[in-house]
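Novice: Sharing a model prediction with you, sequence too.
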Amino acid sequence: MPFVTWLKRRLVVIAGLLTLAYLLLPNVIVTVFSFNKPKGRFNYEWQQFSLDAWKQPCGVADMCGSLSISLQIAVWATIGATLLGTMIAFALVRYRFRARGAVNSLIFLPMAMPEVVMAASLLTLFLNMGAQLGFLTILIAHIMFCLSFVVTAVKARVMSMDPRLEEAARDLYAGPVQTFLRVTLPIAAPGIAAGALLSFALSFDDFIITNFNAGSTVTFPMFVWGSAQRGTPVQINVIGTAMFLVAVLFVLTSMVISNRRNKQKA
Amino acid sequence: MTTPDNSGDVRLSGISKTYDNGFTAVQPLDLTVPQGSFFALLGASGCGKTTTLRMIAGLEEPSSGTVRLGDQDVTHLPPYKRPVNTVFQSYALFPHLDIFENVAFGLRRRGIKSVKKQVEEMLELVQLGEQARKKPHQLSGGQQQRVAVARALINHPKVLLLDEPLGALDLKLRRQMQLELKRIQTEVGITFVHVTHDQEEAMTMADTVAVMNAGRVEQLGSPSDLYENPQTTFVANFLGTSNLIEAEVDTKNGDDIVLKAGGGKLVLPEARCSAPTTAGGKVLVGIRPEKISLTHADDAGEIPAGRNRLTGRIADASFIGVSTQYVIDSPVCDELSVYVQNVERDGRLVPGAEVVLHWSPAHTFGLDAAQDIDAGTEEEAAA
């Protein structure tokens, strides 16, 4: 039974590889089809290799405009949600105030609420307030649903932080501002970074809430959805692949930097 | 004539701490720690010793009273403006900074630019020169402890506060660090205020020990003074072991008090009795276990006259190397402990044997019988 023994020894590796394949296969398809030259308007069948789409990523009308809007919204939503969420997280962990328990649970509501319901309710709210739908309403909505994620990520980090560290800083001649900048913030940073990254990703590809509250503004996910009715340009795959590559590069760079730092120290 | 430098004196007058929830951690207390001394606050957990320390550090605002360092009133100064540094329980090293930056932290915050030489010297002093670029989690407990001491001492504080600094170390390392800290204190001459629940640690290291209980200082003195002349049952039981026997005042005989316990009489020097001694009143007679000698009942005639004596039966004997610890049931008191050095052991002293316990009256101390006789014992602490 050499085969069975071989399988037993490598079962974990095989399971791991299969799971990875399951995760990454869609990305591979996106990438491969970004080099396709489709016959019709739909990029669903492999025809032949071509660099056309990569040479003209903005060759499709309105696509790059929508991409730019999406990126702007994602950046502002990330900044807004991270700032507010971090402050909320600190308040919830550090201070005892009335209704703290209630606030703690209410923070989770946006995560639990079906997105489409929230989208519709937000629209009702904006319409009743007489707000002009567009960039600003999208941004407000995005900050709102990103907040819960930032609060959750930062709270976990702040909760596990030893309060004695800040006392030690104050004891060692650091005033309140210095204590926050030199000790509190660096230690909470991984949680804040996780919240920020999550916010960016969530905001960038949100479709449902955006679609309800966008007015005439078109974000990238809305553009893809709209064009899918009439035909899918290869450029969509190009943008997808590019985003994927940027993310991978980002992760690799941070890994290299932290590796180097550790080597210097050893 | 030069006036003695008293800038490292710590003077607490009437300070107390009551938390918002109504719990009073420290009752109004006065305490003076002289410049350059090694002072220990000793007590069980929750007795207010750490709160007292934190009020000196400025991490806790006193509900009343004042904290003075030398002639300066620092009661309302924030911690970062006090010339005082703390070695925290579990060290509180900054996890995101390496050892060098941890030690340099205080200097940098005070705007000192060239810290390299000082930090390196300080790391040499605590024998951690090689580890400068490591992160705290890469060091062992003993090394982290030394980083914490270096990080505080590099600032040349007037007073160094130590909050159970050795609590996380194993026994052997703890003994070693006790001597090390004592050496450093003698070398730098800074006032050390050390908080601990370990009575042996307090007695080994400190010049003066304040025993705290329920937010109050029970007794203050040198380790030997506290051990030999406890003023309360709490101190008698918390520092080492004491045998406390209830007795009734019979007569006075010169400087001695004669007491009735059971059928016999015990003699107690009046100077060593902290309780009122009116005839007929109750007193607790205390005697340390190692001060008692055991003689088999058959040889009772050989005991010199003038010694206090009690009869009893050995209930238990445990051999622990340097000594044997006996538990003896006596008509006047159950479970008396007696420690006998293992020199010329009498083979007849086994459980069940009838014995006479005897000791010099000079080793006897007297306490007020109105107190809880079990205060400060381990059983009480565990409850």
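Specialist: All right, it came through fine.
Novice: isn't residue A:137 right up against residue A:214?
Specialist: Yes - with contact taken as CB atoms under 8 Å, residue A:137 and residue A:214 are classed as touching, separated by 7.5 Å. From N, CA and C alone the C-beta is placed, and that goes for glycine too.
Novice: Give me the packing partners of whichever strand or helix holds residue A:80, helices and strands only.
Specialist: Element membership for residue A:80 (DSSP states H and E) is helix A:63-94. Judged by 3 or more CB pairs under 8 Å, 6 or more residues apart in numbering or on different chains; DSSP states H and E, the packing partners of helix A:63-94 are helix A:100-106, helix A:135-159, helix A:185-204, helix A:220-230, helix A:234-265.
Novice: Not including adjacent chain positions, what is the nearest residue to residue B:309?
Specialist: residue B:358 (4.2 Å; CB to CB, 6 or more residues apart in numbering or on different chains).
Novice: With residue B:15 instead?
Specialist: That would be residue B:65: by CB to CB, 6+ apart, it lies 3.3 Å from residue B:15.
Novice: Next, the contact list for that neighbour, please.
Specialist: B:12, B:13, B:14, B:15, B:16, B:28, B:29, B:75 (CB atoms under 8 Å, 6 or more residues apart in numbering or on different chains).
Novice: would you put the C-alpha positions of the helix or strand encompassing it in CSV?
Specialist: Using DSSP H and E, the element containing residue B:65 is strand B:64-69. Taking Å, rounded to 0.1, in the frame of the first residue of the first chain, the C-alpha atoms of strand B:64-69 are listed here in CSV:
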residue,chain,number,x,y,z
SER,B,64,-6.8,63.5,50.8
GLY,B,65,-3.4,64.4,52.1
THR,B,66,-0.1,65.4,50.5
VAL,B,67,2.9,63.7,48.9
ARG,B,68,6.2,65.4,49.3
LEU,B,69,9.6,64.6,47.8
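Novice: quick one: strands adjacent to it?
Specialist: In the sheet, strand B:64-69 lines up against strand B:10-18 (antiparallel), strand B:72-73 (antiparallel) (DSSP bridges).
Novice: Deepest in the core, which of these is it.
Specialist: Highest mean neighbour count among the strands paired with strand B:64-69 (mean count of other CB atoms under 10 Å in any protein chain shown): strand B:10-18, with a mean of 19.
Novice: Return the helix or strand just after it as PDB; C-alpha atoms alone will do.
Specialist: Using DSSP H and E, the helix or strand that directly follows strand B:10-18 along the chain is strand B:24-33. C-alpha atoms of strand B:24-33 as PDB (Å, rounded to 0.1, in the frame of the first residue of the first chain):
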ATOM      1  CA  THR B  24     -11.200  52.700  50.500                       C
ATOM      2  CA  ALA B  25      -7.900  51.200  49.400                       C
ATOM      3  CA  VAL B  26      -5.800  53.400  51.700                       C
ATOM      4  CA  GLN B  27      -6.900  54.900  55.100                       C
ATOM      5  CA  PRO B  28      -5.300  58.200  56.000                       C
ATOM      6  CA  LEU B  29      -1.700  57.400  56.500                       C
ATOM      7  CA  ASP B  30       1.600  59.100  57.400                       C
ATOM      8  CA  LEU B  31       4.800  57.700  56.300                       C
ATOM      9  CA  THR B  32       8.400  59.100  56.000                       C
ATOM     10  CA  VAL B  33      10.900  57.300  53.900                       C
END
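Novice: Flag every buried residue along strand B:24-33.
Specialist: Under the neighbour-count criterion of 16 or more other CB atoms under 10 Å in any protein chain shown, strand B:24-33 has B:25, B:26, B:27, B:28, B:29, B:31, B:33 buried.
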